[in-house]
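K.L.:
From the sequence below, what's the structure:
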Amino acid sequence: MKDTDTSTSLLHYSPLQQYLAEVRRYPLLTREKEARLINEYREFGNRDSGIQLILANLRLVVSIAGPYARPGMEQLDLIQEGNIGLLQALKRYDPSKGTRFGSYAAWWIRAYILRYVVANFRLVKLGTTQDQRKLFYNLKKERQKLELQGFVPDTKLLADRLSVRERDIWQMEQRLGNREIPLHQPLGNDSEQTLLDILPSAEEQIDKKLAEKELKALFRKTLREFTETLNDRERFIMTHRILSESPVTLEELGKRFGVTKERSRQLQNRIIEKLRDFAKDRIKDFGQLSF
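P.N.:
Okay, here's the model as predicted:
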């Protein structure tokens, strides 16, 4: 029996290499064939045509996902998210708009990849709502743009340019700027003590908890009473701008009520001041609330 020649054994490909080799097997589509497949899929529900459209655009997903890969962010995971975006694009594509399917699909692919990147950027999530994810995408880009134009990109200017609240800018910058430190990491090379050992207890005293709970309940009641005193425009701003977790922008308010963006800001600030005065008259410990 002859010895097995290990030099002629098959090379082992990584899962990513195997996937890329598989993707290259599917040819790109001409404009005419793409149009025919789309028509068959949309008009007649031809599943095979839909599959051909997806397979022909898998390389597009790979090319978009590539730049986002980094340590801790596997390219195959990014590709998988991009493929979900590609499926969404196929469901929603309207050829009457005049855009090639690949151009339209690229938007959905990138959106799903970016959503995954934001959700996994750190152990502590940076963006949990659609508005936070949008701010995460645009903040660094807008800061660089302002610097190139010779402006100092302070919080107020960034908030105006991105049509968000200054508080939102500040919170996102805090999240981006803070470094994560494992709680079980030793404090020194020769120390077995960890950060967890020296952190003070986060538990509040029970009497403080109860007092804060009662105060917040009173404020919520006062808030409901205050909202009832507002007119329709003020109530909309209160509900959809001041209190909302995903507030409408000042520009959107302006369009809705036929006023300028600055006027929308003035209306918002006036409502906040009215609420302060209203609450101070009814809540003894109003100053203890983080308003």
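
K.L.:
Strands of the stretch 1-150 of the chain, residue ranges please.
P.N.:
Here the stretch 1-150 of the chain has no strands by DSSP state E, counting those that start in this stretch.

K.L.:
Quick check: which ranges of it have low pLDDT?
P.N.:
For the stretch 1-150 of the chain, applying pLDDT under 70 flags the ranges 1-13, 70-73, 118-137, 140.

K.L.:
cool, and the stretch 151-291 of the chain?
P.N.:
170-212, 215, 283-291.

K.L.:
go again using 80 as the cut-off
P.N.:
151-155, 159, 162-219, 245, 279-291 (pLDDT under 80).

K.L.:
domains for the chain, by residue range?
P.N.:
14-119, 130-177, 208-288 (automatic domain parsing).

K.L.:
In a markdown table, list these along with mean neighbour count.
P.N.:
All C-beta spots, glycine's among them, are computed from the backbone N, C-alpha and C. Converted to a markdown table, these look like this (neighbours: other Cβ atoms under 10 Å):
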| stretch | mean neighbour count |
| --- | --- |
| domain 14-119 | 16 |
| domain 130-177 | 15 |
| domain 208-288 | 14 |
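
K.L.:
thought Ile271 was touching Phe236?
P.N.:
No - if you go by Cβ atoms under 8 Å, Ile271 and Phe236 don't touch, sitting 10.4 Å apart.

K.L.:
where do the helices sit along the stretch 151-291 of the chain?
P.N.:
155-162, 166-177, 195-198, 206-228, 232-237, 250-257, 261-280 (DSSP state H, counting those that start in this stretch).

K.L.:
Just the CA atoms of the last one, as PDB, please.
P.N.:
This points to helix 261-280. Only the C-alpha atoms of helix 261-280 are listed here, as PDB (Å, rounded to 0.1, in the frame of the first residue of the first chain):
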ATOM      1  CA  LYS A 261     -37.300  76.300  12.300                       C
ATOM      2  CA  GLU A 262     -36.300  79.000  14.700                       C
ATOM      3  CA  ARG A 263     -39.900  79.700  15.500                       C
ATOM      4  CA  SER A 264     -40.400  76.100  16.200                       C
ATOM      5  CA  ARG A 265     -37.500  76.200  18.700                       C
ATOM      6  CA  GLN A 266     -39.100  79.300  20.300                       C
ATOM      7  CA  LEU A 267     -42.400  77.500  20.700                       C
ATOM      8  CA  GLN A 268     -40.700  74.500  22.200                       C
ATOM      9  CA  ASN A 269     -38.800  76.600  24.700                       C
ATOM     10  CA  ARG A 270     -41.900  78.500  25.700                       C
ATOM     11  CA  ILE A 271     -43.800  75.300  26.500                       C
ATOM     12  CA  ILE A 272     -40.900  74.100  28.600                       C
ATOM     13  CA  GLU A 273     -40.800  77.300  30.600                       C
ATOM     14  CA  LYS A 274     -44.500  77.200  31.100                       C
ATOM     15  CA  LEU A 275     -44.200  73.600  32.300                       C
ATOM     16  CA  ARG A 276     -41.500  74.600  34.800                       C
ATOM     17  CA  ASP A 277     -43.600  77.300  36.200                       C
ATOM     18  CA  PHE A 278     -46.700  75.100  36.300                       C
ATOM     19  CA  ALA A 279     -44.700  72.300  38.100                       C
ATOM     20  CA  LYS A 280     -43.000  74.600  40.600                       C
END
